[in-house]
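Asks: sequence first, predicted model second:
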Amino acid sequence: MTYGPTSSLAAAADLSLAPIDITAVLDHLVGEADAAAATSIGFPGAVDLDQSEVMARLGARLWNNIGDPGDEGGVAHTRVLERAVVAWVADILAMPADDRWGYVTSGGTEGNLSALHAARRRHPTARIYYSTAAHYSIPKAVEILGARSVVVGARPDGEMDYADLAAQLRKRRRWPAIVVATAGTTMAEAVDDSTRIRAVLDEYGVAGHLHVDAALSGIPLALDGQLRLDDAGGIGSIAVSGHKFLGVPTPCGVVLIRDSVRTNGSHVSYTDTVDTTITGSRCGLAAALLWHAVALHGREGHRWRVSEARTLAAYAVYQLTAAGWPAWRHGHAFTVVIKTPPEPVRKKWLLATDGDTSHIICMPGISKGQIDAFVADVAAAAPSTLIPRPWLAPETATSTAAR
């Protein structure tokens, strides 16, 4: 049984019809995913880690991490692995051992919502500040919380405009501030400087909370020592993704919040757990997969993966610019920002695009061969548009291969 367009697959999967060829539907989905894998370089998901052992051993059972990660009872759960993952992420971020709490989330969006919820309970009249380059989950979280937001400008390279932040804070200094910094913006993987943000807050004497949305870049920067949640940094919470750099095959993440910021959850009698998380029940399989990804490589193995990905990103910038196609990257980034190529190239390579700008992301598992094939397609599809019209990268970004 074969299918053509997705609409045909949808018809074949219609649960109102019987009988359904279940095997054929599932095989079709796997086939589509396998076919797309060779040209999927526009969105961040590492593809170099083998999680088949975990799936084979645990995949046939419900693992429900209900309640607080510190709870022990209940149905089959992996909270011991969840706590280990949270501790590992907190350790690489140098978060004080006596002032940390966290859990495995369904992804960066839940992590951001959980952290902002905790911060707003502590500062109920606070305005939530975030830049125009922040992830779309931030304004969504603000709306869910019923909070007031202040949008701050961003520089051309994606980093927050600190002068605009200062101007916005100065006008609203009577209210506390919850500021969201981004460590790895969506399009350019820019990193907001938490030290400068904290300095602005201190300059105007504004109390509040600093949260970092670090879905993609948090773990790589922490392994470098460039992102720290120690007392000197003044960061109150952070959210990282598990299905991006760590390549877990299901959306997930980790949120860390200073324990001194949180308020205690309520006890739920029928589950005999404390309700401290957004979702209550959490995917225990995701915690096990994250634990496996960390245990498989450890700090040094993941540092090597970071280095290899950055080296490939630098290679991509060099090859693209050598072919006459504008490209640049931040020095720490896996992301290569390029002038938007013609539509056939964008569709084939599943590029993320925003107007005149697109990007590719050299995640662990992406090969030089894929980059070479992409560059060849760009050159072949638009030979007449190479070089003539300048497309300048922001001055602060690394516009050539790292040396």
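Replies: Great, that's in hand.
Asks: low-confidence ranges, the stretch 101-250 of the chain, go.
Replies: Within the stretch 101-250 of the chain, not a single segment meets pLDDT under 70.
Asks: how about a cut-off of 90?
Replies: Within the stretch 101-250 of the chain, the ranges that satisfy pLDDT under 90 run 232-233.
Asks: can you tell me the helix or strand for the residue nearest the centre of the chain?
Replies: Centroid check for the chain by C-alpha atoms, centre = their mean gives A215 as the closest residue, at 2.3 Å. In the assignment (DSSP states H and E), A215 maps to no helix and no strand.
Asks: ditto for G102
Replies: strand 101-105.
Asks: tell me the strands beside that strand, with direction?
Replies: strand 253-257 (antiparallel) (DSSP bridges).
Asks: contacts only, for the residue nearest to the centre of the chain.
Replies: 107-108, 111, 135, 184, 239-241, 244, 253 (C-beta atoms under 8 Å, 6 or more residues apart in numbering). In this view, the C-beta of every residue, glycine as well, is placed from N, C-alpha and C.
Asks: same question for P220.
Replies: 245, 306, 309, 332, 334.
Asks: confirm the second one sits in a helix?
Replies: Yes. According to DSSP: H, G, I helix; E, B strand; the rest coil, the state of V306 is that of a helix.
Asks: element containing the residue nearest to it when sequence neighbours are not counted, please.
Replies: For V306, ignoring the flanking residues on the chain, the nearest one in space by C-beta to C-beta, 6 or more residues apart in numbering is P220 at 4.5 Å. When elements are assigned from DSSP H and E, P220 belongs to helix 218-224.
Asks: how about CSV for the contacts of P220, with secondary structure, distance to A94 and neighbour count added?
Replies: Shown next, in CSV, are those (DSSP: H, G, I helix; E, B strand; the rest coil; distance: C-beta to C-beta, whole Å; neighbours: other C-beta atoms under 10 Å):
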residue, secondary structure, distance to A94, neighbour count
F245, coil, 18, 27
V306, helix, 17, 20
A309, helix, 23, 22
H332, coil, 18, 22
F334, coil, 23, 28
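Asks: let me have those in TSV, extended by distance to H28.
Replies: As requested, these are exported to TSV (distance: C-beta to C-beta, whole Å):
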residue	distance to H28
F245	30
V306	36
A309	31
H332	39
F334	31
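Asks: widest-spaced pair of these?
Replies: Maximum pairwise distance in those, criterion C-beta to C-beta, is 12.5 Å, between F245 and H332.
Asks: point out the other helices and strands that the following helix or strand past the strand holding G102 packs with.
Replies: Counting by DSSP H and E, the next helix or strand C-terminal to strand 101-105 is helix 108-122. Applying 3 or more C-beta pairs under 8 Å, 6 or more residues apart in numbering; DSSP states H and E, one finds that helix 108-122 contacts strand 101-105, helix 137-145, strand 177-182, strand 208-213, strand 237-241, strand 253-257.
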